[in-house]
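**Student:** Here's my sequence, what's the structure:
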Amino acid sequence: MKQLESDKITALYCRLSRDDELSGESNSIKNQKLILSKYAEDNKFQNIKFFVDDGYSGTTFTRPAFMEMMELAESGQIETIIVKDHSRLGRNRLVVGQLLEEDFVRLNIRYIAIMDNIDSSKGLNDFLPIQDWFNEMHSKNTSQKVRAVLKSKGKSGISLANNVPYGYKKDENDKTKWVIDEPSAEVVKEIYNLFIQGHGTFEISRILTERNIMTPAEYFISIGRKFPSKLQEFNHQWNATTVASILDRQEYIGDTVNFKYTIRSYKDKTKVPIPKEDWQIFKNTHEPIIDEYTWNIAQQLRNNRKKPTRSGKKSIFSGLLFCNDCGKKMYFQSPVIDLKAKDHYRCSSYKNNTSLCTSHWITDEVLQVLVLENIQKVVSYMKNFEDLFIKEQLQKSSQDELKQISKNKKELEQAKKRIIEIDNLFMHIYEDNISGKISDERFRNLSFNYDKEQKELKTKIEQLSKEINNTEKKTTDLTQFISNVKKYTEITELTPEILNELIEKILVHQAEKVNGKKVQEIDIYYRGVGIISFPVSLEDMTMVIEKMINKRISA
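**Tutor:** Here you go, the predicted structure:
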């Protein structure tokens with residue numbers, strides 16, 4: 001049955017973007033509704049229905065309420081569309097022009113913009129496209145101002161994240177600061193613990209699901225926090241992507257990370273990732289959930305993790321094993337057809353092209369024996385000679401290295417001061433060029449040279465900062481390593497957790513024959529301290545120390 005004209009909807013459309021909120025109460029949804037309601041009542045419009053898009057830019061037309069309204073319009077259910085002012089419909093001149101001149105005409109829809117005195121039933125003004133252009137330029141200018149504010153805010157160290165990461169909440173006294181949210185922070189810690197124990201992201205998601213732990217989205221909704229996703233049911237279904245995103249967030253070690261993404265343009269709000277080297281990172285801006293030592297282990301594992309073999313087995317050395325000669329990863333193989341063959345490793349370069357390297361073949365069984373024996377020595381060494389070990393490690397930082405740190409810090413301060421000087425010099429030559437004191441050609445040459453010098457200084461500052469941080473970090477890593485070793489009073493079997501906490505990497509040498517016997521070396525680099533050498537046996541060292549003590553007593 002054909003719908004009667006009187007049954008058709010009078011659509012009262014409201015839209016408010018985050019930028020429009022800055023203009024005050026006049027554009028608020030509440031104010032728009034009051035104006036539209038009064039106009040509809042005064043002009044006897046029937047069967048009114050509100051369509052509201054709160055928090056949506058006028059440059060995009062994928063707004064939920066707008067799309068719902070246009071679907072009804074396409075099905076012939078809308079007779080009139082009324083907005084407070086023309087910019088509420090949109091700020092993209094091309095799309096708005098098509099709506100007014102083509103779509104609304106085709107659908108026989110009357111369009112009214114109250115404050116701009118627009119009524120399509122009386123004909124459209126020839127200057128309306130110019131008004132659409134001004135509306136679009138307003139959006140562009142506002143976007144540029146917002147970007148400038150965000151850039152300034154981001155460079156000051158304030159987080160630009162729209163949503164506080166899972167594990168944190170906003171400080172009630174200062175909304176720009178984050179504090180730890182204990183219930184969700186415990187889940188974050190458990191994810192890192194499981195990962196370092198050797199579980200992959202898919203395994204961790206399965207474990208969390210089986211434990212009936214709420215996903216981040218479910219948790220946010222349960223505590224009344226706004227979240228973009230609308231969940232139909234709480235089924236605690238974790239996925240590997242969510243776990244991976246938690247493992248990758250540097251914010252969990254107390255850092256603020258800004259400028260990870262940008263948008264294509266003021267019209268296209270699609271997020272575009274920014275290269276990691278261009279991120280702005282501010283250290284220690286809030287309380288960490290994960291210590292930096294643990295986070296670095298997780299990142300190394302994320303970068304070097306391998307898929308399970310066809311047999312389904314995984315190596316406990318995943319992400320730790322490398323070829324000593326070419327530096328590539330060692331490839332783990334667990335034979336499926338030849339069951340007598342042992343699980344083993346070989347150089348991945350050699351596997352792909354035998355001319356690139358040699359096999360460096362070593363069985364998993366032999367490797368485990370060698371590594372376990374070395375770790376047991378380290379644990380015993382630390383237990384008996386901790387003070388001596390610390391002294392040896394600190395002595396590795398030679399006087400030359402300490403002098404280099406001091407030199408780097410001095411150069412860093414000089415580079416920062418020079419950048420400020422160049423900014424001032426550029427202002428002076430600009431003013432001299434405007435006043436005619438120096439020619440345009442002279443100005444171009446000077447500004448080019450200053451700009452080049454400033455770019456070089458910024459690169460130098462970045463390099464010096466990294467060198468200083470890496471050197472000063474050694475003491476922290478040493479303390480953490482000692483703490484981790486002390487956790488294990490006796491190690492009888494290797495586990496992924498032990499390996500990942502203590503070892504940074506293992507280099508496998510090519511096997512050689514010495515006096516008719518096969519000899520193969522491995523280099524074990526412990527986290528924060530590198531290779532730990534034992535110049536004499538522990539038994540010999542004990543005897544030496546006892547003799548020294550007896551000598552002092554007799555003296």
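**Student:** got the residue ranges for the strands in the stretch 1-150 of the chain?
**Tutor:** Remark: strands assigned in the stretch 1-150 of the chain by DSSP state E, counting those that start in this stretch are 9-16, 48-54, 78-83, 110-113, 118-119.
**Student:** ok, Phe317 - contacts?
**Tutor:** 330, 332, 345, 364, 367, 371, 499, 506 (C-beta atoms under 8 Å, 6 or more residues apart in numbering). C-beta: built from backbone N, CA, C; applies to glycine.
**Student:** how about it, phi and psi?
**Tutor:** Backbone geometry at Phe317, expressed as degrees, to the nearest 10, gives phi -90, psi 10.
**Student:** same question, the one 4 residues further on
**Tutor:** Leu321 adopts backbone torsions of phi -100, psi 130, taken as degrees, to the nearest 10.
**Student:** wait, it sits on Ile506?
**Tutor:** Yes. Assessed by C-beta atoms under 8 Å, Leu321 is found in contact with Ile506 at 5.3 Å.
**Student:** who has more neighbours, these two?
**Tutor:** Neighbour totals were compared for Leu321 and Ile506, and Leu321 leads with 26 against 21 (other C-beta atoms under 10 Å).
**Student:** So what sits opposite the closest residue to the more buried one other than its chain neighbours in the bridge?
**Tutor:** Spatially, and ignoring its direct neighbours in sequence, Leu321 is nearest to Met330 (4.0 Å; C-beta to C-beta, 6 or more residues apart in numbering). Beta bridges link Met330 to Cys347, judged by DSSP bridges.
**Student:** what helix or strand is the nearest residue to Glu411 once chain neighbours are set aside on?
**Tutor:** Residue nearest to Glu411 in three dimensions, not counting chain neighbours: Leu464, with 5.9 Å by C-beta to C-beta, 6+ apart. Assessed by DSSP states H and E, Leu464 sits inside helix 440-486.
**Student:** which residues in the stretch 1-150 of the chain form helices?
**Tutor:** For the stretch 1-150 of the chain, applying DSSP state H, counting those that start in this stretch gives helices covering 29-42, 64-74, 86-89, 93-98, 104-106, 128-155.
**Student:** To Trp238, which of those helices lies closest?
**Tutor:** Relative to Trp238, the nearest member of the helices of the stretch 1-150 of the chain by C-beta to C-beta is helix 64-74, separated by 27.6 Å.
**Student:** before we move on, the earlier item: thought the residue nearest to Leu321 was touching His360?
**Tutor:** Yes. Taking contacts as C-beta under 8 Å, Met330 lies within contact range of His360: 6.8 Å.
**Student:** Common neighbours of these two, please.
**Tutor:** Joint contacts of Met330 and His360 (C-beta under 8 Å, 6+ apart) are 323, 345-347, 508.
**Student:** residues near the residue nearest to Glu411, how many?
**Tutor:** Neighbours around Leu464, by other C-beta under 10 Å: 19.
**Student:** hang on, it packs against Asn408?
**Tutor:** Yes. Taking C-beta under 8 Å as the definition, Leu464 is a contact partner of Asn408 at 5.0 Å.
**Student:** By mean pLDDT, point me to the weakest helix or strand of the protein.
**Tutor:** helix 538-554 (a mean of 48; mean pLDDT, DSSP states H and E).
**Student:** Could you name the helices and strands sitting against whatever helix or strand Asn374 lives in?
**Tutor:** In this structure, Asn374 sits in helix 364-395 according to DSSP H and E. Under the contact criterion of 3 or more C-beta pairs under 8 Å, 6 or more residues apart in numbering; DSSP states H and E, helix 364-395 touches strand 344-347, helix 440-486, helix 496-502, strand 503-508, strand 522-526, helix 538-554.
**Student:** the inter-axis angle of that helix versus strand 503-508?
**Tutor:** Using axes from the mean of the first three to the mean of the last three C-alpha atoms, to 10 degrees, the inter-axis angle of helix 364-395 relative to strand 503-508 is 120 degrees.
**Student:** Off-centre distance for helix 364-395?
**Tutor:** Distance, stretch centre to chain centre, for helix 364-395: 35 Å (C-alpha atoms, centre = their mean, to the nearest Å).
**Student:** before we move on, back to that, most packed of the helices of the stretch 1-150 of the chain?
**Tutor:** Highest mean neighbour count among the helices of the stretch 1-150 of the chain (mean count of other C-beta atoms under 10 Å): helix 86-89, with a mean of 24.
**Student:** Arg63 - how many residues pack around it?
**Tutor:** Neighbour count for Arg63, taken as other C-beta under 10 Å: 22.
**Student:** so it sits right up against Tyr56, yeah?
**Tutor:** Yes. Using C-beta under 8 Å, Arg63 is in contact with Tyr56, at 4.4 Å.
**Student:** Find residues that contact each of those two.
**Tutor:** Arg15.
**Student:** How about Tyr39: what's its closest non-neighbour residue?
**Tutor:** Nearest residue to Tyr39, sequence neighbours excluded (C-beta to C-beta, 6+ apart): Ile114, at 5.4 Å.
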